[in-house]
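Novice: turn this into a model:
(one chain, ligands or ions: 1)
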Amino acid sequence: MNQPIRGYTLTQWVGSGGMGEVYQAYHTATQRTVAIKLLSRMEQAERFRNEAAVQASLRHPHIALVYEFFVENGLSCLVLEYIEGPTIEQYIRKNGPFPEEAAWKLLAQIASALEYLHSRDIVHRDLKAGNIKIARPGKAKLLDFGLARAATSPKLTHEGHLIGTASSMAPEQFSGRSRSASDCWALGVLLYEMLTGQPPFGGNTQSEIGRRIQKGDYLAPHKLNPGLSKASERLIDRLLTVSPDRRMTARQVLEALHHPALLNAPDWMGPVRKWWDRVKP
Ligand SMILES: Nc1ncnc2c1ncn2[C@@H]1O[C@H](COP(=O)(O)OP(=O)(O)OP(=O)(O)O)[C@@H](O)[C@H]1O
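Specialist: As a prediction, this is how the structure comes out:
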């Protein structure tokens, strides 16, 4: 750990994930504290390279920067902006659900990051509370593009949809179809978690979770948080819509957050659509 890698001295182990180990490191030349992701499994090197190529081209206030990617002594290293602070998942575990106003602020930031990605044909594919850090009070930063893939880049594996986190997966991802709408489903899961402290789709096995997701079968959020506004319930309902074509987009979420009255418009077709989503073959 004391041996610098290309001028980066590893200072602290941060954690490990699906793609390898993350360390905090210090770069003497630039006097910058960074996060370095070291790839543990060489067969995933292409995924890692993909993560680097996608992220390095992005500039958004709510997406962690990528500084560089290199391979040193056979070790793939991704150098990222170091983000101090808990993930939304850690925050909820410690403090319980967010007040509605704070949840809406974070939602707006993440929706704006998604709108930015989707306008570039990039689908994140692994949006979840554990991949978003609260950098300063109220400032969200999206991490981890391990599964992101520009819609135009070559398909890496056919297993992409299986690598994602099951409880945040959209119905269409179970049959291998990830699209920008799949990120919006995950945004609905995130909002539900921020407002109730619980994931909408639980279960003892992956297949049980999968069945619930595909039916859009979740407990109404006001049952867990009785003070919840109708606007929040409607947002969740429109994001957790089984049909990806009828699901709210990131841009529509931003519009609704600026003009919540849009969410109050009566949606008399809503129950019919919900019923059809459940029963259609
Ligand atoms: N840029 C960063 N700054 C600070 N901490 C980070 C950064 N990137 C990742 N981490 C932290 O490092 C740990 C491992 O992250 P990593 O992204 O490898 O996996 P994960 O998100 O926990 O799991 P998975 O890869 O399965 O999605 C997590 O605790 C994460 O919060």
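Novice: look at the residue of the stretch 1-150 of the chain found nearest the ligand and say how many residues are nearby.
Specialist: Residue nearest to the ligand within the stretch 1-150 of the chain (Cβ to the nearest ligand atom): G17, separated by 1.8 Å. Using the backbone N, CA and C atoms, a C-beta is placed for each residue, glycine as well. Neighbour count of G17, defined by other Cβ atoms under 10 Å: 15.
Novice: OK, contacts around the residue nearest in space to the middle of the chain?
Specialist: Residue closest to the average C-alpha location in the chain (Cα atoms, centre = their mean): L127, at 1.3 Å. L127 is in contact with I110, L114, L142, S168, D183, A186, L187, L190, counting by Cβ atoms under 8 Å, 6 or more residues apart in numbering.
Novice: who in the stretch 101-250 of the chain is up against the ligand?
Specialist: Counting by Cβ under 6 Å from any ligand atom, the positions of the stretch 101-250 of the chain adjacent to the ligand are D126, G130, N131, L143, D144, G146.
Novice: give the PyMOL command for selecting the buried subset of these.
Specialist: Buried members of these, defined by 16 or more other Cβ atoms under 10 Å, are picked up in PyMOL with:
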select buried, resi 126+130+131+143+144+146
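Novice: and the furthest pair within the residues of the stretch 101-250 of the chain next to the ligand?
Specialist: G130 and G146 (11.9 Å; Cβ to Cβ).
Novice: which residues touch stretch 56-76?
Specialist: 5-6, 32, 34, 38-39, 42, 45, 48-49, 52-53, 55, 77-81, 83, 109-110, 112-113, 116-117, 120, 122, 133, 139-143.
Novice: quick check on those: which are buried?
Specialist: The buried subset of the contacts of stretch 56-76 (16+ other Cβ under 10 Å) comprises 5, 34, 38-39, 48-49, 52, 55, 77-81, 83, 109-110, 112-113, 116-117, 122, 133, 140-143.
Novice: where do the helices of the stretch 1-150 of the chain begin and end?
Specialist: 45-56, 88-95, 100-119 (DSSP state H, counting those that start in this stretch).
Novice: give me the buried positions along the second one.
Specialist: If I follow you right, that is helix 88-95. By 16+ other Cβ under 10 Å, the buried positions in helix 88-95 come out as I88, E89, Y91, I92.
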